[in-house]
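sequence isn't available, so here's the structure alone:
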């Protein structure tokens, strides 16, 4: 069982999906720490209700990003976190943070920081993925779980799920359908990591094809919801 550190700035619905999956043993993990950069973030309340340790390091006015991330890493290490899950964390992490949770021999080249993004990367990185998708007139949108690198949503892709863009969609309606897939996809990707089934070759994430008896293998390629 691996220990998760979840970083979140908002309401924490993806955190809740991870908490629920841990609680029902759908992923071989436990959430060891939830950390937010915003006091009063809903994610902190969700964690407290679940009996999970929380920490808040306010980032407003922070100038020295490296020192701030060093403090975050210290808290993650104190909580013996194995894998860092970004869940609506509205900060770019620094190279020092990524080095602290870089690949090990046990992770088969995979970094130990992952993120969920509401778009089919590499399209529409950054803020407001559903809004960008609607503005571009695409017919399919979705979400992506990826390893984190020094860019903005540029890390190697682990898994994606697609949803159709419907006539009359608003940003809110499209975002809601994408969010449903985020809540399904993020725990699945974390479980693959917990099982040690992922490896990284260049920028390609490989999934070990070995399956448990009766398991339905799901590829990390795009799934149509």
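Done, it's in. Because the structure is a prediction, the values reported are computed rather than measured.

longest helix in the chain, please.
helix 171-194 (DSSP state H).

list the contacts of the nearest residue to residue 8 once chain neighbours are set aside.
Leaving aside its chain neighbours, residue 8 sits nearest to residue 43 (3.6 Å; criterion: CB to CB, 6 or more residues apart in numbering). Any C-beta I mention is one placed from the backbone N, CA and C, and that applies to glycine too. Neighbouring residues of residue 43 by CB atoms under 8 Å, 6 or more residues apart in numbering: 6, 8-12, 15, 34, 36, 87-88.

just the ones of those residues in helices?
Using DSSP H, the subset of the contacts of residue 43 located in helices is residue 15.

rewinding a little: separation between the residue nearest to residue 8 and residue 11?
In this structure, residue 43 and residue 11 are 7 Å apart, going by CB to CB, to the nearest Å.

how about residue 128?
Computed as CB to CB, the residue 128 to residue 11 distance reads 16 Å.

for residue 32, same thing?
Distance, residue 32 to residue 11, using CB to CB: 21 Å.

between the two, point out the one with more neighbours.
Taking residue 32 and residue 11 together and counting by other CB atoms under 10 Å, residue 32 has the greater number of neighbours (19 against 15).

tell me the pLDDT at the closest residue to residue 193 other than its chain neighbours?
Nearest residue to residue 193 in three dimensions, chain neighbours excluded: residue 83, at 6.1 Å (CB to CB, 6+ apart). Residue 83 is assigned a pLDDT of 98 by the prediction.

tally of neighbours for residue 83?
22.

now do the contacts for residue 120.
Going by CB under 8 Å, 6+ apart, residue 120 touches 140-144, 160, 162, 222.

on that earlier part again, make sure the residue nearest to residue 8 is indeed in a helix.
Yes - under the criterion used here (DSSP: H, G, I helix; E, B strand; the rest coil), residue 43 sits inside a helix.
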